[in-house]
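*Asks:* starting from these lines, generate the structure:
(one chain, ligands or ions: 2)
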Amino acid sequence: MSATRKAVAGAERLVVKVGSSALTTAGNGLDVGRLNALVDAIAGRIAQGSQLVLVSSGAIGAGLAPLALGKRPRDLATQQAAASVGQLALAHAYAESFGRYSLTVGQVLLTSDDVVRRSHYRNAQRTFSRLLSLGAVPVVNENDTVATEEIRFGDNDRLAALVAHLVGADALVLLSDVDGLYDGDPRSGATRKITEVTGESDVDGIAVGMSSSGLGTGGMVSKLAAARTAAAAGIPVLLAAATDASRALTAADVGTAFASADSRLSARRFWLGYAAGTTGRLHLDDGAVTAVVRRRRSLLAAGIVGVDGDFQAGDVVELVSPAQRVVARGAVAFDASELPELIGRSTHELPEEQRREVVHADDLVPLAAHRASS
Ligand SMILES: Nc1ncnc2c1ncn2[C@@H]1O[C@H](COP(=O)(O)OP(=O)(O)O)[C@@H](O)[C@H]1O
Ligand SMILES: N[C@@H](CCC(=O)OP(=O)(O)O)C(=O)O
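*Replies:* Numbering: from 1, shown residues only. Ligands and ions are numbered 1, 2, ... in the order given. Prediction:
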């Protein structure tokens, strides 16, 4: 068995995330039978002595039937109305289900600010820590009813990875309607399951697509991104089918295991690279990409070919390659309005008060192959 699977099987503190597609069905909303089976597996692991945080999607799916909505709405206001009704049903179902094992649940609804802003982060951390020390099972979801289009996570995979870092988890288990990562979208015919991912070369070039059920949101794209985020935080990830929850949480011998990075990023670098919200983009030429990614140098004005966004000095921005890949993120040292005059110019050509790195190497985190989102 791989070291990653051993780490998942032996984790003392775990975050388990379950997706909408594994808990809800298109016509009938919340499937309490599936929810009970998941809770059976989680309660078994808790009985073995592990502490567990559950990140559960499904609020929107669970709210459809009570509101007589046929399928998942596209507009945010109706999604929020469905989530408002469905979250209550979901929380109630978990309270009842964990109650069968005399386990108490605590509902934690988070906005992106709570996990992304460093000042709010400590507060959420204290809540989780106290819930766990009191023996309760935190059940987490995004606070869908107040999240706006701009700030919402949308899918819960990224939220789960950030929560895993926040609670200091030893492993993250992502449970879905698919039994692992395939080398192509499983709907597109002959594809092979990848059982171990030890580095970028294992996932290079594979086709990852969106949700097939129409119930989930991020598809495999957001699961891969979440696995990369957890890896950077030093947390191994197991992706498995929710129907295999019991084996995923005991022997960890199912699904796809993602190894974590050998060296864990410091809290500040993790925040810069993976957690902080970004407010702009710097477009780099090839030479600058090599300098910042391979040689770990600071980004200078000379290597920037374009600027997007309205950011202030100190904000976190994405660094984008000519092939439109987000290759790094970092805290920028200039306001967006100052940069157009400076880009493409050598440092010695710049006015003295602006002769500095645009993103200093200490404030810059290279990323594994992320494609620009737009
Ligand atoms: N390469 C791939 N490997 C596995 N699943 C994939 C891949 N590409 C796309 N998918 C789709 O992603 C879906 C899971 O994502 P999603 O429906 O958002 O799940 P959840 O609701 O659990 O978050 C799978 O059912 C599958 O159709
Ligand atoms: N917060 C939303 C999650 C949306 C969603 O579909 O997430 P996921 O199934 O994890 O892709 C809900 O509870 O419906």
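*Asks:* show me where the stretch 51-200 of the chain has its strands.
*Replies:* 51-56, 105-110, 137-142, 171-176, 181-182, 193-194, 196-197 (DSSP state E, counting those that start in this stretch).
*Asks:* in a markdown table, list those along with distance to ligand 2 and mean neighbour count.
*Replies:* Placement of C-beta: from N, CA and C, glycine included. Converted to a markdown table, these look like this (distance: least, CB to the nearest ligand atom, whole Å; neighbours: other CB atoms under 10 Å):
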| stretch | distance to ligand 2 | mean neighbour count |
| --- | --- | --- |
| strand 51-56 | 7 | 24 |
| strand 105-110 | 9 | 19 |
| strand 137-142 | 4 | 23 |
| strand 171-176 | 8 | 28 |
| strand 181-182 | 15 | 22 |
| strand 193-194 | 20 | 15 |
| strand 196-197 | 20 | 18 |
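*Asks:* want to throw those strands into CSV with mean pLDDT?
*Replies:* Listed next are these as CSV, based on pLDDT from 0 to 100:
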stretch, mean pLDDT
strand 51-56, 98
strand 105-110, 96
strand 137-142, 97
strand 171-176, 97
strand 181-182, 93
strand 193-194, 94
strand 196-197, 95
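*Asks:* need the ones you listed in CSV with distance to ligand 1, can you?
*Replies:* Below are the strands of the stretch 51-200 of the chain laid out as CSV (distance: least, CB to the nearest ligand atom, whole Å):
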stretch, distance to ligand 1
strand 51-56, 10
strand 105-110, 17
strand 137-142, 12
strand 171-176, 3
strand 181-182, 4
strand 193-194, 8
strand 196-197, 12
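*Asks:* quick one: closest of these to residue 74.
*Replies:* strand 137-142 (17.5 Å; CB to CB).
*Asks:* from the contact counts, what lies against the closest one?
*Replies:* Secondary-structure packing of strand 137-142 (3 or more CB pairs under 8 Å, 6 or more residues apart in numbering; DSSP states H and E): strand 51-56, helix 76-99, strand 105-110, helix 118-133, helix 157-166.
*Asks:* rank those by mean pLDDT and give me the bottom one.
*Replies:* When the helices and strands packed on strand 137-142 are ranked by mean pLDDT, helix 118-133 comes last with a mean of 90.
*Asks:* for that helix, buried residues please.
*Replies:* Buried positions in helix 118-133, judged by neighbour count with 16 or more other CB atoms under 10 Å: 121, 124-125, 128, 131-132.
*Asks:* could you do stretch 256-268 as well?
*Replies:* Quick answer for stretch 256-268 (16+ other CB under 10 Å): 256-261, 265.
*Asks:* quick one: that stretch to chain centroid distance?
*Replies:* 14 Å (CA atoms, centre = their mean, to the nearest Å).
*Asks:* what of stretch 73-90?
*Replies:* Per CA atoms, centre = their mean, the centroid offset for stretch 73-90 relative to its chain is 21 Å.
*Asks:* over to stretch 119-136?
*Replies:* For stretch 119-136 - counting by CA atoms, centre = their mean - the centre lies 19 Å from the chain centre.
*Asks:* please save the CA atoms from that stretch in PDB.
*Replies:* Extracted in PDB, the C-alpha atoms of stretch 119-136 (Å, rounded to 0.1, in the frame of the first residue of the first chain):
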ATOM      1  CA  SER A 119      -8.100  38.100  10.200                       C
ATOM      2  CA  HIS A 120     -11.300  35.900  10.000                       C
ATOM      3  CA  TYR A 121      -9.300  32.700   9.700                       C
ATOM      4  CA  ARG A 122      -8.300  32.600  13.300                       C
ATOM      5  CA  ASN A 123     -11.900  33.000  14.400                       C
ATOM      6  CA  ALA A 124     -13.100  30.000  12.300                       C
ATOM      7  CA  GLN A 125     -10.100  28.000  13.500                       C
ATOM      8  CA  ARG A 126     -11.200  28.600  17.200                       C
ATOM      9  CA  THR A 127     -14.800  27.500  16.400                       C
ATOM     10  CA  PHE A 128     -13.600  24.200  14.800                       C
ATOM     11  CA  SER A 129     -11.100  23.500  17.500                       C
ATOM     12  CA  ARG A 130     -13.700  24.000  20.300                       C
ATOM     13  CA  LEU A 131     -16.400  21.900  18.500                       C
ATOM     14  CA  LEU A 132     -13.900  19.000  18.000                       C
ATOM     15  CA  SER A 133     -12.700  19.200  21.600                       C
ATOM     16  CA  LEU A 134     -16.300  19.000  22.800                       C
ATOM     17  CA  GLY A 135     -16.800  15.800  20.700                       C
ATOM     18  CA  ALA A 136     -19.100  17.300  18.100                       C
END
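*Asks:* count of neighbours near the single nearest residue of the chain relative to ligand 1?
*Replies:* Residue nearest to ligand 1 within the chain (CB to the nearest ligand atom): residue 19, separated by 1.8 Å. If you count neighbours by other CB atoms under 10 Å, residue 19 ends up with 31.
*Asks:* pretty sure it is touching residue 173, no?
*Replies:* No. Counting by CB atoms under 8 Å, residue 173 is not a contact partner of residue 19; they are 11.8 Å apart.
*Asks:* which stretches of the protein have low pLDDT?
*Replies:* 149-151, 154, 211-218, 369-374 (pLDDT under 70).
*Asks:* would you map out the domains in it?
*Replies:* Annotated domains of the chain cover 3-269, 278-371 [automatic domain parsing].
*Asks:* need the winner for burial among those.
*Replies:* Stretch with highest mean neighbour count among these: domain 3-269 (a mean of 19; mean count of other CB atoms under 10 Å).
*Asks:* quick check: residue 306 is in a strand.
*Replies:* Yes. When DSSP: H, G, I helix; E, B strand; the rest coil is applied, residue 306 is found to be in a strand.
*Asks:* now it. Nearest residue, chain neighbours left out?
*Replies:* Distances taken as CB to CB, 6 or more residues apart in numbering put residue 283 closest to residue 306, at 3.7 Å, once the chain neighbours are dropped.
*Asks:* that's a strand at that neighbour, yeah?
*Replies:* Yes. Counting by three-state DSSP, residue 283 is part of a strand.
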